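In: Sequence plus the predicted model coming up.
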Amino acid sequence: MSSSPTPDIIDLLTGAEAGSFIDRLRAERPETRANAQKSYLALFEPVSEDAVTRAERLAVAAFVAGLHQAGAAGEFYAAGLADLNGGASLAAAAKTEIARGAARGPYGYYPSGPLSVEDTAGLVFAVSDFSRAVLGAKLRAGLEHAHLLVYRPREASPEALQKLLDAGWSTTGIVTLSQLVAFLSFQIRVVAGLSALGAAGEGSLSRAAAE
Amino acid sequence: MTETVTRPEIEDRPNAFTQAEIGWTPWLTPLTEDELTDRHWAGLVDASRSKSPYFMLLARDPETLEARTKTDKDIFYNTRAGLPRAERELSATAASRTNGCIFCASVHSRFTSHHSKRTEDVQRLLDEGTGAELGSRRWNAVVAASVSLTGTPSSFGADDIAHLREQGLDDLEIADAIHGAAFFNWANRLMLSLGEPTPAA
């Protein structure tokens, strides 16, 4: 772990420099800003790696960011993974699987009933035979579950969780995996939204800032 | 610790969007109060959450739960300036309707109705989907922006921002709408994947 403090990741990924429009906007919600960062730290600089290792976390993150076509986040997590011992081969496998798994979501099937008219078919992702050998059973199952959560969360099921348990995830590990994918779905969208706002340029000042 | 999933037997499992007070039951074993250490209590933030199977399941990763909860509370409950509560909840409801989280949509559609008194407009969003005409261009713009951001990949961009500005949203209000929708892309994925809705009592 580096000795310098971890930078604010959303600032890093949006490229919001101190004093910029987005920096000033984020400064109006200091609790949101601080706790989005604490969420990142809890997941990527965890107290315990017993249930999920740092390499597993970064491999899932690189895959999820890649599926979102989130350029800066994808590079950030893939670079973090590649920096770890043995991480380069995992990063290469994640890259291969992003290309195979990319789709447009959300899609999927609802529980049978009135919403069935909204059912939309789409890719049900399985890791390639080649990447299975690199990733191992646990991480393979983790990426397949991450793909389910990214694109067709409405199809989640106890069976999907049982597959994770069978592949070596503990109950606590599944909670952390779910939080990882879910948190990244948030972080990547905050970055996308604030980046678009930054690109659009400052509109009207908020009432609070104008006072 | 039981390392198997729970497959609840549910009669009349909710299968449509509703503002009714439905429940939620987990597919994995939550912690019990006996198992909680100081670290877990800190993760729960409010001690009363030890009565909730959802939070007691998430308490297995307490640091993440604590930061998640504090992020959630500030995005929705910090009303110092910014977007009115009703429209933050509307943004959350639209994300939940898009992702298909019947439970999340029930809670946050109810909150939207409570804060706006526009129960019928909210019900139209649930019944007809996010393309429904919601009775004001401002609400239509907030919903459309939430839907754009909820897509994978997100298509949120200059058009969404222009529409929100045309409806009078200032920059902090737009940032609040972004955070409300983004947060429900977090919440929906937990609620949908760790358990399922149960019928109203």
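Out: That came in fine, so what should we check first?
In: Helices of chain A, residue ranges please.
Out: Using DSSP state H, the helices of chain A run over A:9-14, A:21-27, A:30-44, A:54-67, A:71-82, A:87-101, A:129-151, A:158-166, A:171-200, A:207-210.
In: For burial, what's the neighbour tally of residue B:125?
Out: 25 (other Cβ atoms under 10 Å in any protein chain shown). Where C-beta positions appear, they are placed from N, C-alpha and C, glycine not excepted.
In: Okay, and it sits in which element?
Out: Assigned by DSSP states H and E, residue B:125 belongs to helix B:119-128.
In: chain center to the lengthiest helix in chain B, what's the gap?
Out: Ranked by residue count and defined by DSSP H, the top helix of chain B is helix B:171-194. How far helix B:171-194 lies from its chain's middle: 7 Å, per Cα atoms, centre = their mean, to the nearest Å.
In: need the next SSE after it, C-terminal direction.
Out: By DSSP H and E, the next helix or strand past helix B:171-194 is strand B:195-198.
In: now that next one: mean pLDDT?
Out: In this model, strand B:195-198 has a mean pLDDT of 98.
In: That strand pairs with which strands, parallel or anti?
Out: strand B:23-26 (antiparallel) (DSSP bridges).
In: next one: the strand it pairs with to chain centre, how far?
Out: With Cα atoms, centre = their mean, you get 15 Å for strand B:23-26.
In: List the buried residues for whatever helix or strand comes next after that strand?
Out: Next helix or strand after strand B:23-26 toward the C-terminus (DSSP H and E): helix B:38-44. By 16 or more other Cβ atoms under 10 Å in any protein chain shown, the buried positions in helix B:38-44 come out as B:40-41, B:43-44.
In: In a markdown table, list those residues along with pLDDT and distance to residue B:105.
Out: Below are these laid out as a markdown table (pLDDT from 0 to 100; distance: Cβ to Cβ, whole Å):
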| residue | pLDDT | distance to residue B:105 |
| --- | --- | --- |
| B:40 | 97 | 29 |
| B:41 | 97 | 30 |
| B:43 | 97 | 26 |
| B:44 | 98 | 25 |
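In: Looking at those, which is nearest residue A:186?
Out: residue B:43 (18.0 Å; Cβ to Cβ).
In: wait, that closest one sits on residue B:65?
Out: Yes - Residue B:43 lies in contact with residue B:65 (Cβ atoms under 8 Å); the separation is 4.3 Å.
In: which residues are common contacts for those two?
Out: Taking Cβ atoms under 8 Å, 6 or more residues apart in numbering or on different chains as the criterion, residue B:43 and residue B:65 both touch B:58-59.
In: nearest to residue A:110, of the helices of chain A?
Out: Nearest of these to residue A:110, taken as Cβ to Cβ: helix A:129-151 at 14.5 Å.
In: Figure out how far that closest one is from the centre of its chain.
Out: Worked out by Cα atoms, centre = their mean, helix A:129-151 lies 14 Å from the chain centre.
In: again with stretch B:156-176
Out: On Cα atoms, centre = their mean, the centre of stretch B:156-176 falls 21 Å from that of its chain.
In: Please name the nearest non-neighbouring residue to residue A:92.
Out: residue A:134 (7.6 Å; Cβ to Cβ, 6 or more residues apart in numbering or on different chains).
In: same check, this time on residue B:196
Out: Here the residue nearest residue B:196, using Cβ to Cβ, 6+ apart, is residue B:25, at 6.4 Å.
In: Please work out how many residues are found near the nearest residue to residue B:27 once chain neighbours are set aside.
Out: Once flanking residues are discounted, residue B:27 sits nearest to residue A:158: 4.4 Å by Cβ to Cβ, 6+ apart. By other Cβ under 10 Å, the residues close to residue A:158 number 18.
In: next one: residue B:108
Out: Residue B:108 has 27 nearby residues by other Cβ under 10 Å.
In: What pLDDT is listed against it?
Out: 98.
In: measure it to chain A for me?
Out: 15 Å (Cβ to the nearest Cβ, to the nearest Å).
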